[in-house]
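J.: No sequence on hand, only this structure:
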């Protein structure tokens, strides 16, 4: 039986073998790598100089650990969904793959012999983006198993894990709520939609996803024969008994967040970072502070960085290609970040948001990168392996596009050239 070699070990052995075969000094290797990539990128210079839109590019040879190409790499640009790289790398670095999102339900007070709970039910949210209607039914089933027939108290939804705002800073008011910009409540199910498995969001300004969850729990309890008397004067006690816990991890959330560029998943991870600073009532500024600390630790400057959300939807997000590459390098140097990140990134021509791009050529099934697309912006950042075995980290950001397809086409051609 063959012993399975860890993924990161295989990648590092390939890079080491390539270096040994060359028999070059670090200085010679750096010069060779720069010349090779520089020659391949030369074909794009005139096009980039003449383009009416702005482009920033940064490329680093991870095998030789040297910068090999830059074009406006220091320019401050909107990253779109490549912002998720900052969020994911920071979360993997500081929280770890097994960090838990817990949704819990408690009851307090006393249960009398007549099966009456003189107390409250409190459901505490921790911004699990995967919480579903089935999970809510499980919660109700767990409570029903306690044998309580009447609730003389309140059903409380505790969504104090983050700030009260339901949308990200800099999100367009006329686009929310929608599938790409859903509610941001720490306590909601089915993405805060109006009914189980519904594709629609409420346009009623009085609607609140936490209150909706509480309403659904109350209705399901009544359907299970449990009557609720809303005693408004009931006071919550300090002693609570947990009867339901639903747990998911960053590992569960990461794949959909990166492969399919799910903004809700990214924002949930963003506020997990914010909780490092403030366990209750975390703000987007708390989360931004944590990500900035990771950027500094990666050896980059935050002078060209502004973080307003975790997904890249915000009009206020700004980054440089150099910063994105610095974080990709930081991930590469740390296996606890790199392995899950690399495996979660969309693969050219294979899956996720890159499934229909680079479906042939050397970039096919080679480029592992995060896409980014909002109006006027297209970006691609990640990893590509050259034919000589060198692994490159790259960031390509296009701003000021009249058509995002223009940026995607350029990015794909650059990746094909790098993969030769």
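T.: Nice, I can see it. Please read all numbers here as calculations on a predicted model, not as lab measurements.
J.: can you pull the contacts of the most centrally placed residue in the chain?
T.: In the chain, the residue lying closest to the centroid (CA atoms, centre = their mean) is residue 266, at 2.9 Å. Residues near residue 266 by CB atoms under 8 Å, 6 or more residues apart in numbering: 81, 83-84, 87-88, 257, 309-312. The way it works is simple: take the backbone N, C-alpha and C, and place the C-beta from them, glycine included.
J.: In those, which residue is surrounded by the most others?
T.: Neighbour counts for the contacts of residue 266 peak at residue 310, which has 33 neighbours (criterion: other CB atoms under 10 Å).
J.: In which helix or strand does that one reside?
T.: For residue 310, there is no enclosing helix or strand under DSSP states H and E.
J.: which residue ranges form the helices in this structure?
T.: Secondary structure of the chain (DSSP state H): helices at 7-22, 26-50, 83-94, 133-144, 209-223, 250-259, 263-277, 284-297, 321-333, 335-344, 404-419.
J.: So which bits of the longest one are buried?
T.: When you say that, I think you mean helix 26-50. For helix 26-50, burial by neighbour count (16 or more other CB atoms under 10 Å) applies to 29-30, 32-34, 36-37, 40-41, 44, 48.
J.: which strands and helices sit next to that helix?
T.: Judged by 3 or more CB pairs under 8 Å, 6 or more residues apart in numbering; DSSP states H and E, the packing partners of helix 26-50 are helix 7-22, strand 54-61, strand 66-71, helix 404-419.
J.: ok, 7 Å please
T.: strand 54-61, strand 66-71, helix 404-419 (3 or more CB pairs under 7 Å, 6 or more residues apart in numbering; DSSP states H and E).
J.: Residue 306 touches residue 316, doesn't it?
T.: Yes: the pair residue 306 / residue 316 is scored as a contact, 6.1 Å apart, by CB atoms under 7 Å.
J.: Excluding chain neighbours, what is closest to residue 256?
T.: Residue nearest to residue 256 in three dimensions, not counting chain neighbours: residue 262, with 4.9 Å by CB to CB, 6 or more residues apart in numbering.
J.: Next, count neighbours for the one you found.
T.: 23.
J.: Look up phi and psi at it.
T.: phi -80, psi 120 (degrees, to the nearest 10).
J.: mind starting the numbering at 6 from now?
T.: Done: numbering now begins at 6, and the last item shifts to residue 267.
J.: Model confidence for it, exactly?
T.: On pLDDT, residue 267 comes in at 98.
J.: cool, residue 235 as well?
T.: For residue 235, the model assigns a pLDDT of 78.
J.: Can you name the residues that contact residue 304?
T.: Residues in contact with residue 304 (CB atoms under 7 Å, 6 or more residues apart in numbering) are residue 331.
J.: Could you rerun that using 10 Å?
T.: 331-332, 334-335 (CB atoms under 10 Å, 6 or more residues apart in numbering).
J.: shaky segments in the stretch 156-305 of the chain?
T.: Across the stretch 156-305 of the chain, the ranges flagged by pLDDT under 70 are 201-202, 236-242.
J.: Let me know how buried residue 405 is, in neighbour terms.
T.: Number of residues near residue 405 (other CB under 10 Å) recorded here: 14.
J.: cool, and residue 355?
T.: Neighbours around residue 355, by other CB under 10 Å: 15.
J.: which one of the helices of the chain is the most hemmed in?
T.: Comparing the helices of the chain by mean neighbour count (mean count of other CB atoms under 10 Å), helix 88-99 comes out on top with a mean of 26.
J.: okay, the angle between that one and helix 268-282?
T.: The directions of helix 88-99 and helix 268-282 differ by 40 degrees, with axes from the mean of the first three to the mean of the last three CA atoms, to 10 degrees as the criterion.
J.: Which secondary structure elements does helix 88-99 sit against?
T.: Here helix 88-99 touches helix 255-264, helix 268-282, helix 289-302, helix 326-338, helix 340-349, strand 373-379, strand 382-390, going by 3 or more CB pairs under 10 Å, 6 or more residues apart in numbering; DSSP states H and E.
J.: What is the last one packed up against?
T.: Okay, so that is strand 382-390. helix 12-27, strand 59-66, helix 88-99, helix 326-338, helix 340-349, strand 373-379, strand 396-404, helix 409-424.
J.: now the angle from the shortest one to helix 326-338?
T.: Using the same axes, to 10 degrees, one finds that strand 373-379 and helix 326-338 are set 150 degrees apart in direction.
J.: can you check the third one too?
T.: Our comparison of helix 88-99 with helix 326-338, counting by the same axes, to 10 degrees, yields an angle of 40 degrees.
J.: Repeat that for the fifth one.
T.: For helix 340-349 against helix 326-338, the angle between stretch directions is 110 degrees (the same axes, to 10 degrees).
J.: that older thread, format the helices and strands packed on helix 88-99 as a markdown table; extra columns: distance to residue 60.
T.: Conversion of these to a markdown table gives the following (distance: least, CB to CB, whole Å):
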| stretch | distance to residue 60 |
| --- | --- |
| helix 255-264 | 24 |
| helix 268-282 | 24 |
| helix 289-302 | 22 |
| helix 326-338 | 9 |
| helix 340-349 | 25 |
| strand 373-379 | 13 |
| strand 382-390 | 10 |
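J.: Between these, which one is closest to residue 179.
T.: Checking the helices and strands packed on helix 88-99 against residue 179 by CB to CB gives strand 373-379 as the closest, at 14.2 Å.
J.: pLDDT averaged over that closest one - what is it?
T.: For strand 373-379, the mean pLDDT works out to 98.
J.: Tell me which other helices or strands it touches.
T.: Packing partners of strand 373-379 (3+ CB pairs under 10 Å, 6+ apart): helix 88-99, helix 255-264, helix 326-338, helix 340-349, strand 382-390, strand 396-404, helix 409-424.
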